[in-house]
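K.L.:
Provided below are the primary sequence and the corresponding predicted coordinates.
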Amino acid sequence: MSKRVRASIVVGAVLALASTAAGAQSPGEAVYRQKCQTCHGADGMASSGVGKVMKVKPIGNPEVKKLTEAEMIQMTRDGVAKMQAYKGELTDAQIKASVVYFRTFLK
């Protein structure tokens, strides 16, 4: 086997592994996409049809930006306004992970 063929195989394997890792979702992202994205939108901007109808505040809203992680976790667990409570439906770890993921939109 020539060096060129071996190098091509190695490069192909590295690219395949890199694309697999890049496509992997964090647990928080998976929960967010499944439970939160419908209202809060793929980017936290609440621009979905449901988000607009329910008047969900986007991540950039000053009221949302000032919330602490702990406050967001409590709101997700217990529900707030029209948002349902996820206590009993999601574990505390899933709730925290989804909030941590949601907060990445602040950056």
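P.N.:
Sure thing, it's come through.

K.L.:
Nearest residue to Ser47 in space, please, no chain neighbours.
P.N.:
Excluding the flanking residues, the one nearest Ser47 by C-beta to C-beta, 6 or more residues apart in numbering is Gly41, at 4.9 Å. Bear in mind the C-beta positions are built from the backbone N, C-alpha and C, glycine included.

K.L.:
doesn't Lys52 make contact with that neighbour?
P.N.:
No. Gly41 lies out of contact with Lys52 (C-beta atoms under 8 Å); the separation is 9.6 Å.

K.L.:
Neighbour count for those two, which is higher?
P.N.:
Taking other C-beta atoms under 10 Å, Gly41 and Lys52 do not tie; Gly41 has more neighbours (20 against 12).

K.L.:
what does the model give that one for pLDDT?
P.N.:
As predicted, Gly41 sits at a pLDDT of 96.

K.L.:
for it, phi and psi?
P.N.:
Main-chain dihedrals, Gly41, degrees, to the nearest 10: phi 80, psi 160.

K.L.:
Dump the C-alpha coordinates for stretch 79-86 into CSV.
P.N.:
Output in CSV follows, covering the C-alpha atoms of stretch 79-86 (Å, rounded to 0.1, in the frame of the first residue of the first chain):
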residue,chain,number,x,y,z
GLY,A,79,-43.9,26.3,35.5
VAL,A,80,-44.6,30.0,35.1
ALA,A,81,-47.4,31.9,33.4
LYS,A,82,-48.5,29.7,30.4
MET,A,83,-45.4,27.5,30.6
GLN,A,84,-46.1,24.0,32.0
ALA,A,85,-44.2,22.6,35.0
TYR,A,86,-41.7,19.8,34.1
